[in-house]
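*Asks:* How does the following fold in three dimensions:
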Amino acid sequence: QVQLVESGGGLVQTGGSLRLSCAASGRSFSTRRMGWFRQAPGKEREFVAFISWSGSSTYYADFVKGRFTISRDNAKNTVYLQMNTLEPEDTAVYYCAAAKDVGFMRLTTSYDYWGQGTQVTVSS
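*Replies:* From the prediction side, this is the model:
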């Protein structure tokens with residue numbers, strides 16, 4: 001079992017930065033692949049970023065365009081999402097999730113544990 005708690009969201013102006021954190025509990029965290037997703041009002045939840053259990057492999061949605069960086073610290077049971085050059089289109093609730101052993105990383109169905117989400121609002 002893995003429990004996930006996100007933090008670090010807030011209100012920021014266009015061009016600003018935020019660092020999201022996802023604290024995990026559970027002994028299996030260090031062996032879990034992890035992902036970040038986001039959901040804007042009226043839209044489906046969409047993939048943002050993915051990191052392998054060791055942190056050696058990362059993948060991003062095309063819209064990230066090099067602005068976001070996913071990382072993890074297994075000693076602290078925490079995954080991070082550094083977001084720079086934020087745009088109003090990035091406004092959404094951001095969720096971290098723990099991936100199942102198999103599955104396509106961009107699909108929500110490939111993840112079996114989710115946090116409660118943290119709101120990110122980017123003003124223009």
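*Asks:* which element is the most centrally placed residue in the chain on?
*Replies:* By Cα atoms, centre = their mean, the chain has its centre lying nearest to W36, at 2.2 Å. Using DSSP states H and E, W36 sits within strand 34-39.
*Asks:* The residue nearest to the centre of the chain pairs with what?
*Replies:* A49, C96 (DSSP bridges).
*Asks:* ok, V122 touching V12?
*Replies:* Yes. The pair V122 / V12 is scored as a contact, 5.7 Å apart, by Cβ atoms under 8 Å. C-beta here means a position set from N, CA and C on the backbone, and glycine is covered the same way.
*Asks:* Show me the common contact partners of those two, please.
*Replies:* Each of L86 lies in contact with both V122 and V12 under the rule Cβ atoms under 8 Å, 6 or more residues apart in numbering.
*Asks:* The two: which is more packed in?
*Replies:* V122 (20 against 17; other Cβ atoms under 10 Å).
*Asks:* Assign a three-state SS to that one, would you?
*Replies:* strand (DSSP: H, G, I helix; E, B strand; the rest coil).
*Asks:* Contact partners for it?
*Replies:* L11, V12, Q13, T14, G16, L86, E87, P88, E89, D90, T91.
*Asks:* re the thing from before, quickly note the distance from the residue nearest to the centre of the chain to R27.
*Replies:* Distance of W36 to R27, given as Cβ to Cβ, to the nearest Å: 22 Å.
*Asks:* Kindly report the same for M34.
*Replies:* From M34 to R27 the distance is 15 Å (Cβ to Cβ).
*Asks:* quick one: which of these two has more around it?
*Replies:* M34 (26 against 9).
*Asks:* I'd assumed I51 was in contact with the more buried one.
*Replies:* Yes. Counting by Cβ under 8 Å, I51 is a contact partner of M34 at 5.3 Å.
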